[in-house]
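Novice: just the structure for this:
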Amino acid sequence: MTDTEDKNSDGLQSVILTMNIIEQVVRTPKGVGVTSLANTLGTSKSRIHRHLQTLVQQGYVFQQDDSERYELGPKLLSLGQSVFDNMGLIRASNDPLLDLRDALGHSAVASQLTPEGMLVIATVPGRASIEIGVRVGSILSFHGSAQGKVATAFSSQAFQARVLRNRLELFTPETIVSPTVLAEEYEVIRRQGWAVAPNQAALGLNTLASPIFNAAGMVCGAVGIVDMIQFLGEVPSEEHIEKTKSTAVRISRLLGYSG
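Specialist: Numbers count the residues shown, from 1 in each chain. Okay, the predicted model is just below:
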């Protein structure tokens, strides 16, 4: 075995051990100690301790000051909740997105609210010969996309302030980058229950979006339709607005929202 292969093997074994430690911590809600982990995983306590300290530093594992046991850390809990929310939102969106596309013909998109932006989690292509849409896994901005604007508008004042403090990237000459103007638009969006972003993410493109709420009554995502601006105008029709909003309500109810 070459030196490179030996290093790669060591690195792989370290990753495997780290994942095994995380699995054991997850399986032990009341916490687990170094000795128990070493015995279970068949390695030395010093090696286990080194890995645990790295996991603690990264926030994946937590140790109480007065305890020798290690428990789930905030980052691991947050990741688990994100996966749960993501899968629940995907399942709840599947049929409503198809119905929305069939009703209007435009591409239909569902996205999840994340700290970085709106994560596109499900799409249904439109019926036009030229496909217009966004890729699953894309991150949409809070200020330059209809999904981002509608989710931010229905978020807390603190979240809105965070968005407005950050750098607002100019994607096109039409992108709103003035915090004052954007804050005023959030107020309008809250009153009407929908948002558009004509020519703001990309020239010639428009999206109409409405917010999705979870069982706790908090905005967790958005549903929207996407098309060229000649087919989805800057001022959407009443039919477009009604069907997009009703689809968002339908998904929200499937998630347990009762508002």
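Novice: sec struct for the nearest residue to residue 73 once chain neighbours are set aside, please.
Specialist: Nearest residue to residue 73, sequence neighbours excluded (C-beta to C-beta, 6 or more residues apart in numbering): residue 62, at 4.2 Å. To be clear about C-beta, it is placed using only N, CA and C from the backbone, and glycine gets the same treatment. Here residue 62 is strand, with the state taken from DSSP: H, G, I helix; E, B strand; the rest coil.
Novice: residue contacts, residue 62?
Specialist: Residues in contact with residue 62 (C-beta atoms under 8 Å, 6 or more residues apart in numbering) are 56, 70, 71, 72, 73, 74.
Novice: tell me where this structure has helices.
Specialist: Assigned by DSSP state H, the chain shows helices spanning 3-27, 34-41, 45-58, 74-104, 146-153, 157-165, 179-192, 238-254.
Novice: redo those helices as TSV? Include mean pLDDT.
Specialist: Formatted as TSV, the helices of the chain follow (pLDDT from 0 to 100):
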stretch	mean pLDDT
helix 3-27	74
helix 34-41	91
helix 45-58	90
helix 74-104	79
helix 146-153	97
helix 157-165	93
helix 179-192	96
helix 238-254	96
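Novice: single out the most deeply packed of those helices.
Specialist: helix 146-153 (a mean of 30; mean count of other C-beta atoms under 10 Å).
Novice: circling back: residue 219 is nearest to which of the helices of the chain?
Specialist: Among the helices of the chain, helix 146-153 comes nearest to residue 219, with 5.4 Å by C-beta to C-beta.
Novice: can you lay out the helices of the chain as CSV showing distance to residue 223?
Specialist: Listed next are the helices of the chain as CSV, based on distance: least, C-beta to C-beta, whole Å:
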stretch, distance to residue 223
helix 3-27, 32
helix 34-41, 44
helix 45-58, 34
helix 74-104, 7
helix 146-153, 8
helix 157-165, 19
helix 179-192, 14
helix 238-254, 5
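Novice: before I go, just wanted to say thanks for your time.
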